[in-house]
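K.L.:
the amino acid sequence is not available; the structure is as follows:
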């Protein structure tokens, strides 16, 4: 108790003193002659969220002033942290209508958890002179401390009621309570500094405190986070008056210490799609760093033809949203040109003193490259650190819209400090021109970072470390000060993620983890023309760092369709593409971006510029449209304040009882019906706030080790705030992918789960979800498929599986597909080359699962059905939880140098795997050799099937060696 008193004392001002401290639990007002509601009483003692700290506090301004007192009600702390003002839930001033009474609670009305308590007393506090201050009833077994509370309150009440000692009575205003009585956590500034993008990119429910069924976590902190997020989102969504496009061109160039000696117009100029550009759909809101189906989906429907010299990826203008440009009379050039240079100066002297001579030379070359457009631009800002330089050039007509320009630099090179490696950054505010609807537009904050990370193939961990060091040390001085711990002024700073839009133009130096010879083969060979970028990028160190969440995990990058930009050699030691024979080619030069949901970024192009050959790197450029939100700042601040007042009662709704926080689940039992492989089932559940105050909910797991919902179910939204009588719908989406199907196929009983919906500062509610899983032959281990006594749908339990010594030679499902496609008179010319009809694939899979006959006739005039059969075979093989070829054989497969060696290696395959391998490769050999262009089709099919039959999920083995192993079986 002494430690508790000390913590409270640290909260108070010097003129205020703690007299008595009591630990208690909140309870409804008790009537000692009536039996309270057991469902409510059962939460009095045994739940930490009901616990409170009562403190009697007195105040005196000096020896000749009257002492005043109040009863403070504070949060009970689950962790040993100091009290602060937000912990004060209620303050009862002791004067006038103040009263405090004690009553014995009858033993038979206690909750079970309190049956062994020596004595449970109810304490009711009232202050009838203050409107809106409701009575509060607490329970405690601590009789002696309770007596001390009553005695101290009686003393202070007598002082307050006593007649004045002199003719001029002291003024009793209780103004000393003002710093404590503003119990609501104030609304932070939501629009002055953007939310940190690392936080903004995390779903709201992941930012809340750890909680599970029966253990609420820190509801008081959670409710403030939910509140602030709700206000910020609601204001921006309702206050937006549209968007304006701001076109930005980003460039990065490692100049290797050279001065400009070539025309830079291709790198600087840009300006939209041209005749030879490749049109692709707009980028979806995913991170292209990820691999697999999600990463490929936005791009795999593109019709891509590739040039070995230069490929520009752009978005078709017809695909873009109809959003007005920020400057309606501007030409097609960028509004903002931001260029990052690395290795501007390689001299030793550059580490000691700085010079602007090279910056001036490159700026002159930039404006020369702009040609006749140069008159419409001017330099806005720049920042140099040794060899790193970032330059910002703006359209003159928009110069007045940019303000509050800040810069920063951080070195991570020699000794971890020198500027030969590190980063430079520029931060600025862009305020759109005012309109009739928006008199005072709010600014959008842009931040640009130019960085140069550690070199050499094996230094990928140092590159990850450099990224985090740069992020930590790049800070912008905002030009204002705050008070430090010792009362001294401290400059207020922000980091690079406290922005609306963030671009990195970088020489990251990440390499490709593929043997040097294989990289060059993939880049130069026509056999890899259709898959060279996708194949090599699987082994890109940057993408590996993102997948492992070790660096750049919230950034996006456009699809790379240009050749690696490093390292070129102007001399004799180079390959046919011009790459240095001593350095493995790599995409070291990249442009990355991330932004808030209120400033979406649309990438228009991303390309290398191989015609600029003065360095061992080739420059890279990317163009973007940033959709700047147009909203009125004073109106937004007013709206935020109005919503804040509208949420009055949200934070203290649980102070008296749970009765004021009341949610109702409209349908607590949901049956999703039959759940089939790769078929989406969606249902909605209504949740209504039937209480009198705003409230919020969050979904929590049953225990710390469990997930909130099973992997086959998606729930949205995971948390929400509801005004009184507001109805929101929770969407339940069930989808069985390969990962979940591999488990459900083994035990496909009735699916069921219980979603726990925790009312923040209230009780838990439950939603029971059931479904019936329909098993499939997809996503089963090969060994299990060979033990099936019949179609997978006919299997009732695992006990019906065949004994291992009676296993069939190969899965009947694979053999049915192969045998059907081997029938005579089929048109197989487009199999594996054209997209398949999804409805036909579904029908074929249903026949495989049930054992029904295929409802298709083999005719030479129909190519749609054979195409669907081929795609079904490919997907079935790809769905196997383990690759067909055992991973431990990959090194031997990659080292095979002849057809005979390849066939000898089949002896090491498991029996079922070798039978499938022979059947599938024999069929592939058949269709390849039946094609009029046998070599082209063989290469395409090898590119499709090698990553499936010899799947390398960890990206550890050579893609060339695995592909060559397959070619020994399918080419003549």
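P.N.:
Thanks, I have the structure now. Treat the numbers as computed from the prediction; the structure is a model and nothing was measured. Numbers count the residues shown, from 1 in each chain.
K.L.:
only C-alpha atoms for contact and neighbour calcs from this point on.
P.N.:
Will do.
K.L.:
OK, contacts around residue 887?
P.N.:
Residue 887 is in contact with 950, 951, 952, counting by Cα atoms under 8 Å, 6 or more residues apart in numbering.
K.L.:
look up phi and psi at it.
P.N.:
phi -60, psi -30 (degrees, to the nearest 10).
K.L.:
measure it to residue 894 for me?
P.N.:
11 Å (Cα to Cα, to the nearest Å).
K.L.:
quick one: what helix or strand has the nearest residue to residue 845 once chain neighbours are set aside in it?
P.N.:
Of all residues not flanking residue 845 in the chain, residue 872 sits nearest, at 7.4 Å (Cα to Cα, 6 or more residues apart in numbering). Element membership of residue 872 [criterion: DSSP states H and E] is helix 864-878.
K.L.:
what's the offset of whichever helix or strand comes after that helix from the middle of its chain?
P.N.:
As assigned by DSSP H and E, the chain's next helix or strand after helix 864-878 is helix 890-895. On the basis of Cα atoms, centre = their mean, to the nearest Å, helix 890-895 sits 38 Å off its chain's mean C-alpha point.
K.L.:
which other residues reach helix 890-895?
P.N.:
With contact meaning Cα under 8 Å, 6+ apart, helix 890-895 is reached by 902, 905, 950, 957, 958, 960, 961, 962, 964, 965.
K.L.:
so which elements touch the helix or strand that that helix is followed by?
P.N.:
Going down the chain from helix 890-895, the next helix or strand is helix 899-905, by DSSP H and E. Judged by 3 or more Cα pairs under 8 Å, 6 or more residues apart in numbering; DSSP states H and E, helix 899-905 is in contact with helix 890-895, helix 959-970.
K.L.:
could you rerun that using 7 Å?
P.N.:
If you count contacts as 3 or more Cα pairs under 7 Å, 6 or more residues apart in numbering; DSSP states H and E, helix 899-905 packs onto helix 959-970.
K.L.:
any low-confidence regions in the stretch 151-300 of the chain?
P.N.:
With pLDDT under 70 as the threshold, the stretch 151-300 of the chain has low-confidence stretches at 164-173, 182-184, 270-300.
K.L.:
recalculate using a threshold of 80.
P.N.:
163-173, 175, 178-187, 270-300 (pLDDT under 80).
K.L.:
same check on the stretch 401-550 of the chain?
P.N.:
In the stretch 401-550 of the chain (pLDDT under 80), the answer is 413-420, 482-488.
K.L.:
which parts of it are strands?
P.N.:
402-411, 422-430, 444-452, 475-483, 489-495, 501-507 (DSSP state E, counting those that start in this stretch).
K.L.:
now distance to residue 8 too, for those, in TSV please.
P.N.:
Shown next, in TSV, are the strands of the stretch 401-550 of the chain (distance: least, Cα to Cα, whole Å):
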stretch	distance to residue 8
strand 402-411	42
strand 422-430	42
strand 444-452	41
strand 475-483	23
strand 489-495	28
strand 501-507	43
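K.L.:
possible to save the contacts of residue 887 as CSV with distance to residue 629?
P.N.:
Shown next, in CSV, are those (distance: Cα to Cα, whole Å):
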residue, distance to residue 629
950, 48
951, 45
952, 44
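K.L.:
and these, which is closest to residue 673?
P.N.:
residue 951 (34.3 Å; Cα to Cα).
K.L.:
pLDDT value on that closest one, please?
P.N.:
pLDDT recorded at residue 951 is 96.
K.L.:
residue contacts, it?
P.N.:
Residue 951 makes contact with residue 883 under the criterion Cα atoms under 7 Å, 6 or more residues apart in numbering.
K.L.:
and it, how far from residue 813?
P.N.:
With Cα to Cα as the criterion, residue 951 and residue 813 are 20 Å apart.
K.L.:
next one: residue 105
P.N.:
The spacing between residue 105 and residue 813, counted by Cα to Cα, is 71 Å.
K.L.:
more neighbours: which of these two?
P.N.:
residue 813 (22 against 19; other Cα atoms under 10 Å).
K.L.:
so how far is residue 791 from the more buried one?
P.N.:
Distance from residue 813 to residue 791, counting by Cα to Cα: 8 Å.
K.L.:
and if you look at residue 161?
P.N.:
From residue 161 over to residue 791 (counting by Cα to Cα), the distance is 89 Å.
K.L.:
neighbour count winner among the two?
P.N.:
residue 791 (18 against 11).
K.L.:
state the phi and psi torsions of that one.
P.N.:
According to degrees, to the nearest 10, residue 791 has phi -60, psi 150.
K.L.:
and for residue 99?
P.N.:
According to degrees, to the nearest 10, residue 99 has phi -150, psi 150.
K.L.:
what's the distance between residue 467 and residue 449?
P.N.:
Residue 467 is 11 Å from residue 449, by Cα to Cα.
K.L.:
tell me the pLDDT of residue 315.
P.N.:
At residue 315, pLDDT is 43.
K.L.:
and residue 69, what does it touch?
P.N.:
Residue 69 neighbours (Cα under 7 Å, 6+ apart): 57, 58, 59, 93, 94, 156.
K.L.:
residue 424 too?
P.N.:
383, 384, 385, 388, 389, 390, 408, 409, 410, 449, 450, 451.
K.L.:
for residue 89, pull up the helix or strand it's in.
P.N.:
With DSSP H and E as criterion, residue 89 is part of strand 88-93.
K.L.:
how about stretch 454-466, which residues are buried there?
P.N.:
For stretch 454-466, the buried set under the neighbour-count rule, 16 or more other Cα atoms under 10 Å, comprises 454, 455, 460, 463, 464, 465, 466.
K.L.:
of all pairs in those residues, which one is the farthest apart?
P.N.:
455 and 465 (12.6 Å).
K.L.:
quick one, which of residue 467 and residue 449 is more surrounded?
P.N.:
residue 449 (28 against 22).
K.L.:
gap between the more buried one and residue 464?
P.N.:
According to Cα to Cα, residue 449 and residue 464 sit 16 Å apart.
K.L.:
any idea what residue 27 is bridged to?
P.N.:
Beta bridges link residue 27 to residue 137, judged by DSSP bridges.
K.L.:
residues near it, how many?
P.N.:
Counted by other Cα under 10 Å, the residues lying close to residue 27 total 25.
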